[in-house]
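Q: structure for the following, please:
(one chain, ligands or ions: 1)
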Amino acid sequence: MTDLSAAHDAAVTDRGRLAGSAYRSDRDLAARQSLYEWQTPRHDLPGIVAGQLSGVRGRVVDTGCGNGRFIQRLREERPDLALLGLDIAPGILAGVPGPVAVADATRLPLATESVAAALALHMLYHVPDIAQAVRELSRVVARDGLVIAFTNSDRDKAELDDLWQRAAGDVLGTGRGPARISLSARFSLEKAPAFLGEEFGRVETIALDGTITVHDPEPVIAHMASYRAWADQHDVPFDATIERARALLADHIARNGAFEINCAGGILVCRR
Ligand SMILES: C[S@@+](CC[C@H](N)C(=O)[O-])C[C@H]1O[C@@H](n2cnc3c(N)ncnc32)[C@H](O)[C@@H]1O
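A: Modelled structure (predicted):
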């Protein structure tokens, strides 16, 4: 039998797939980010990061900065900070205000204790050797500096997982189809403190839960379709499953007026 989780782990961390497909541009990431527009309460994540950095002066590195959502906001609110964006995907850096560089979180091109704070937001689950990335983050921050990480809980968006399995089951003609890939499972909010605790004496977890309510299938379908880079990992035709999910959602919304997704995630603030 294939070890599905080992195969998924390899696919979630495969650098060629990340840089060449999933984050080749910000199209899929932007689709995932935009689903949160329908969430209550709305969590202003860039604002929360800016708040955590209120006492920080000097250099801040955003590792795995993606399309620069956090850098852009920090540039506006904290023009005094010297910001640096790093990512392994050159394509996604195209629209990010510089300085930016292509770099791997496990080998940061930064001197020891050279930054006041390091961000690793929704990215450590993509790193093959998470412990090594945590050691690198710890190495580059000043003794009194901080590291901020974001990730999702193992409980996050269970309704989407269920919708996928029902749609996949319909496509395959089985009861329930195979589970969809989970990006954050390797470094979920439940697992993260143990990884971060290896380097940091104080790891504070702040839960940021909410409920997404949609009256139209399309934002949910766009979110599901944003996993296209991992289409081959699903043991079911990807496009057919998306189409079936769209029909199931439309039916659910017609009968109930809305579709709800419970989101569970959080921020981890780490100090020595
Ligand atoms: C889900 S996106 C998050 C982007 C951004 N931090 C945010 O929260 O909006 C993950 C990002 O991490 C980058 N990434 C993945 N593995 C990496 C690694 N080993 N080193 C640096 N960046 C990496 C990806 O290319 C992608 O841009």
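Q: what are the ranges of the helices in the stretch 51-200 of the chain?
A: Secondary structure of the stretch 51-200 of the chain by DSSP state H, counting those that start in this stretch: the helices cover 69-77, 130-140, 158-172, 192-197.
Q: who does the shortest one touch, helix- and strand-wise?
A: Under the contact definition 3 or more CB pairs under 8 Å, 6 or more residues apart in numbering; DSSP states H and E, helix 192-197 sits against helix 130-140, strand 141-152, strand 202-207, strand 265-271. All C-beta atoms are positioned from the backbone trio N, CA, C, and that covers glycine.
Q: residues making contact with it?
A: The set of residues external to helix 192-197 that reach it, using CB atoms under 8 Å, 6 or more residues apart in numbering, is 124, 130-131, 134, 147, 149, 151, 187, 203, 205, 268, 270.
Q: to Ser226, which of the helices of the stretch 51-200 of the chain lies closest?
A: helix 158-172 (11.4 Å; CB to CB).
Q: can you mark which positions in the closest one are buried?
A: Buried residues in helix 158-172, defined by neighbour count with 16 or more other CB atoms under 10 Å: 159-160, 163-172.
Q: which residues touch that helix?
A: Helix 158-172 is contacted by residues 175-180, 182, 220, 223-224, 234, 236-237, 240-242, 244-245, 248-249, 259-262 when judged by CB under 8 Å, 6+ apart.
Q: then that helix to CSV, C-alphas only?
A: Provided in CSV are the C-alpha atoms of helix 158-172 (Å, rounded to 0.1, in the frame of the first residue of the first chain):
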residue,chain,number,x,y,z
ALA,A,158,-13.0,20.5,8.0
GLU,A,159,-16.1,21.3,6.0
LEU,A,160,-13.9,21.8,2.9
ASP,A,161,-12.2,18.5,3.4
ASP,A,162,-15.6,16.9,3.8
LEU,A,163,-16.9,18.6,0.6
TRP,A,164,-13.8,17.4,-1.3
GLN,A,165,-14.3,13.8,-0.2
ARG,A,166,-18.0,13.8,-1.1
ALA,A,167,-17.2,15.3,-4.5
ALA,A,168,-14.3,12.8,-5.1
GLY,A,169,-16.5,9.9,-4.0
ASP,A,170,-19.2,10.9,-6.5
VAL,A,171,-16.6,11.2,-9.3
LEU,A,172,-15.1,7.8,-8.5
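Q: let me know the average pLDDT across that helix.
A: Mean pLDDT, computed over helix 158-172, is 97.
Q: how far is it from where the chain is centred?
A: Counting by CA atoms, centre = their mean, to the nearest Å, helix 158-172 is centred 21 Å from the centre of its parent chain.
Q: now swap in stretch 6-17 and tell me
A: The chain centroid and the centroid of stretch 6-17 are separated by 15 Å, computed with CA atoms, centre = their mean.
Q: okay then, goodbye and thanks.
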